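In: Only the shape, not the letters, is given here:
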């Protein structure tokens, strides 16, 4: 990515920061919605199974109550006991008894049971009495198999016989049996068969819209199952949503399974369609943004090209300004800047030309000082031959000062500066006919301090001219020492000093960095000292004048510098 241009990186970052959050939000929403739907469907399935359980429990309660009434009603039980061995209706009395049992059975069925449940009484001779003719054929066809499953010793309790199918009609019925004993005996007088039509179970499971449901008896045999649901969940990898419940009254198992595809298929398809649309829109937006970015970046490319050409020397290159937008305003500003740079370059070139001319003139003018030095050198040797040591020494000092003035731009060490001060003092003694006691007290660690050449000479000159002219024993002491992180140079004299008001005014002027105030001050020598030191070091250099208790004035110069920097500067000067 680092190899891409700046606007390409911004464009890519912009697209990524849009695309990734959309994908993350979409995936997160899909997972949350999917989990929420599965949880709600699971809860709905459980509630549905509970409703069916309650419905079947009520039906079983009705069946239990009806059969309990038949078994415990004395009058009805007398009829059954008398009819127990009737093989066929041979007399009117048999017919009358048959009709009485049929009517009572129909009445019980109609009041307590729904139309999907039928009751059949089978006596000891397999004579069948039905509450309704519907379902009689299925009973007759499966009577032998039904009676074989009845335990005649299990009296007065419901027995679950299972599901039996009518081969001709294809309809199935679930049968429940109850043994009815004689009135005063425990031997079975007849058997009560109760059939529940498969349409009853289909009606219970009819509200199922998603998934499949199945009903199994306590032995795992199918009561109703129009799907491939198993009694037990055998495939652990099967991700179908399965709910099951054991019915309280019968021990039957009701199972409800919903496939993940049925639940989340539409959501998944919608999600994948949305992701595909997002990806497609991402590519379309990428192409469109590249086109827009190129249109927006074209003025910047032109700007780069103009600046590059200007930097290579084509100073006439300018931007073509079109419109009033931000880029146009920036282009106008850059054109103005380039105009100013071109003018500045032209001024610098003109200044360099003038500087060359001035250097040539200065070189030419140096002939005269060299001529003076050579002349003074001849006079010096002439005086030495005449053994005039005083004047030959003065001329030697004057020659050293002239050489220093010729190379005044070169820095010197503090020790070399003090040597030049000695030469200057020798000359001033001849000019003013005075004997000056000039002393130097320098810490050895400060001798290598690099300072501008002749920077201390105006301070000594100021002390001699303004303070020592009328003093009988003029004296100047130059000290240099360390004060924490500063080098402190003190130049003090025993002159007449100055008034405090004048001293304060002069100190205020030396601390001020206003060139207009400098220009109005007549003693420019001290001001030049401060300016040269600040240009060499930094603006924190200070020059302060103080009156001494013994008389005279002290000029205190404070230069901030690290001792390690001082040593490096000293080594550089030595080299």
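Out: Sure thing, it's come through. Keep in mind it's a predicted model, so treat the numbers as computed, not measured.

In: ok now stretch 394-404, how far from the chain's centre?
Out: Remark: stretch 394-404 is offset 74 Å from the chain centroid, using Cα atoms, centre = their mean, to the nearest Å.

In: That one: which residues count as buried?
Out: Going by neighbour count (16 or more other Cβ atoms under 10 Å), the buried part of stretch 394-404 is 394, 395, 396, 397, 398, 399, 400, 401, 404. Just so you know, the C-beta spots here come from the backbone N, C-alpha and C atoms, and that holds for glycine as well.

In: just stretch 328-340 next, same as before
Out: 331, 334, 335, 338.

In: ok, those vs residue 228, which is closest?
Out: residue 331 (76.6 Å; Cβ to Cβ).

In: and the residue sitting furthest away from the middle of the chain, how far is that from residue 124?
Out: Relative to the centre of the chain, the most outlying C-alpha is that of residue 91, 100.2 Å out, by Cα atoms, centre = their mean. Noted for residue 91: a distance of 18 Å to residue 124, by Cβ to Cβ, to the nearest Å.

In: How much space separates the spatially closest residue to residue 218 that is not a sequence neighbour from residue 50?
Out: Residue nearest to residue 218 in three dimensions, not counting chain neighbours: residue 251, with 3.7 Å by Cβ to Cβ, 6 or more residues apart in numbering. To residue 50, residue 251 is 17 Å away according to Cβ to Cβ.

In: ditto for residue 300
Out: Taking Cβ to Cβ, one finds residue 300 at 71 Å from residue 50.

In: which residue packs closest to residue 205, ignoring adjacent ones?
Out: Spatial nearest neighbour of residue 205, chain neighbours left out: residue 213 (4.6 Å); criterion: Cβ to Cβ, 6+ apart.

In: For the helix or strand that neighbour falls within, what does the pLDDT average out to?
Out: Under the criterion of DSSP states H and E, residue 213 resides in strand 212-216. Strand 212-216 carries an average pLDDT of 80.

In: What of stretch 72-80?
Out: 77.

In: again with stretch 54-64
Out: On average, stretch 54-64 scores 82.

In: Give the buried residues for it.
Out: Under 16+ other Cβ under 10 Å, the buried positions of stretch 54-64 are 56, 59, 60, 62, 63, 64.

In: what kind of secondary structure is the fourth one in?
Out: Using DSSP: H, G, I helix; E, B strand; the rest coil, the structure places residue 62 in helix.

In: Residue 476: what secondary structure?
Out: strand.

In: got the contact list for it?
Out: 425, 436, 437, 438, 439, 460, 463, 464, 468, 491, 492, 493 (Cβ atoms under 8 Å, 6 or more residues apart in numbering).

In: Give me the subset of the residues you listed that lies in helices.
Out: Among those, the members found in helices (DSSP state H) are 425, 460, 463, 464.

In: Spatially, which two of these are the most separated?
Out: Maximum distance among these (Cβ to Cβ): 10.3 Å, for 425 and 463.

In: Make TSV from the buried residues of stretch 328-340 and add pLDDT, distance to residue 550 and secondary structure to it.
Out: Formatted as TSV, these follow (pLDDT from 0 to 100; distance: Cβ to Cβ, whole Å; DSSP: H, G, I helix; E, B strand; the rest coil):
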residue	pLDDT	distance to residue 550	secondary structure
331	78	71	helix
334	80	66	helix
335	80	68	helix
338	81	65	helix
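
In: Can you lay out the residues you listed as TSV showing distance to residue 274?
Out: As requested, those are exported to TSV (distance: Cβ to Cβ, whole Å):
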residue	distance to residue 274
331	44
334	47
335	50
338	53
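
In: ok, which pair from these is furthest apart?
Out: 331 and 338 (10.3 Å).

In: So what's the residue count around residue 231?
Out: The tally of other residues near residue 231 (other Cβ atoms under 10 Å) stands at 16.

In: Can you tell me the SS state at the closest residue to it other than its chain neighbours?
Out: Of all residues not flanking residue 231 in the chain, residue 220 sits nearest, at 4.3 Å (Cβ to Cβ, 6+ apart). Under three-state DSSP, residue 220 falls in the coil class.

In: how close does residue 220 sit to residue 230?
Out: 9 Å.

In: So for these two, which sits in the more crowded spot?
Out: A direct count of neighbours by other Cβ under 10 Å for residue 220 and residue 230 places residue 230 higher, at 16 against 10.

In: Now do that one, the pLDDT please.
Out: 75.

In: Please, where are all the strands along the stretch 151-300 of the chain?
Out: 159-165, 172-181, 188-197, 212-216, 222-225, 241-246, 253-258 (DSSP state E, counting those that start in this stretch).

In: Of all those, which one comes closest to residue 501?
Out: strand 241-246 (104.1 Å).

In: List the neighbouring strands of the closest one plus their orientation.
Out: Here strand 241-246 is paired, per DSSP bridges, with strand 253-258 (antiparallel).
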